[in-house]
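Colleague: Provide a 3D model corresponding to the input given below.
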Amino acid sequence: MNDSEAKNLLPDYFEDNLSPEISGQIEERLAASESLREELEYLRRIQTLVAAKPGVASPDLWGGISARIDREEPDCVLSQFEWLGKRLVPLLAVAAVVVFAIIGSIDTTDTRLTLEDYLKSEFEGSEVAMLSNVELSQDDVLYLLYSR
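Modeller: The predicted structure follows:
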């Protein structure tokens with residue numbers, strides 16, 4: 001067994017959880033290695049410190065925690081939403097600018113061909129003037145289109 005293997009088994013050796021054969025091998029390594037003896041001493045000190053730890057919390061523990069919570073409590077509920085003015089309002093302003101830019105760039109002119117445009121392309125000037133001033137039904141428009 002080398003020092004690394006023995007070091008990994010030291011906690012079990014310290015708690016007497018190893019077989020007599022393995023414990024004997026660790027004792028041999030302890031006799032030969034100063035660093036293993038220091039590690040074992042370190043484990044003993046930790047156990048002593050843990051055993052000396054009080055089992056009951058300090059009687060004024062809750063009083064100190066309560067006082068700290070009271071000191072950190074905000075005066076106003078609205079101050080908890082401070083991020084609203086710092087982050088959300090500028091974000092909404094940027095979104096509004098983007099929406100207005102998009103709406104402003106929309107072309108609102110109607111690009112569909114009107115009846116008057118069609119008539120100008122198919123008929124002569126006097127016919128267009130005559131047809132533009134007359135109210136035609138859908139059937140009349142279809143008749144004119146098919147008669148051409």
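Colleague: who are the packing partners of the helix or strand hosting Glu41?
Modeller: Using DSSP states H and E, the element containing Glu41 is helix 34-52. Packing contacts for helix 34-52, counted by 3 or more CB pairs under 8 Å, 6 or more residues apart in numbering; DSSP states H and E, involve helix 3-14, helix 20-32. C-beta here means a position set from N, CA and C on the backbone, and glycine is covered the same way.
Colleague: average pLDDT across the shortest one?
Modeller: When you say that, I think you mean helix 3-14. Regarding helix 3-14, the rounded mean pLDDT is 89.
Colleague: between that helix and helix 20-32, how big is the angle?
Modeller: 120 degrees (axes from the mean of the first three to the mean of the last three CA atoms, to 10 degrees).
Colleague: list of residues touching helix 3-14?
Modeller: Applying CB atoms under 8 Å, 6 or more residues apart in numbering, the set of residues contacting helix 3-14 from outside is 18, 22-23, 25-26, 29-30, 33, 35-36, 39-40, 43-44, 47.
Colleague: list buried residues within those residues.
Modeller: Neighbour counting over these (16 or more other CB atoms under 10 Å) leaves 18, 22, 25-26, 29-30, 33, 36, 39-40 as the buried ones.
Colleague: sketch out the low-pLDDT regions of this structure for me.
Modeller: Scanning the chain for pLDDT under 70 picks out 54-57, 72-80, 83-84, 107-138, 141-142, 144-148.
Colleague: care to break the protein down by domain?
Modeller: As recorded under automatic domain parsing, the domains making up the chain are 3-52, 115-147.
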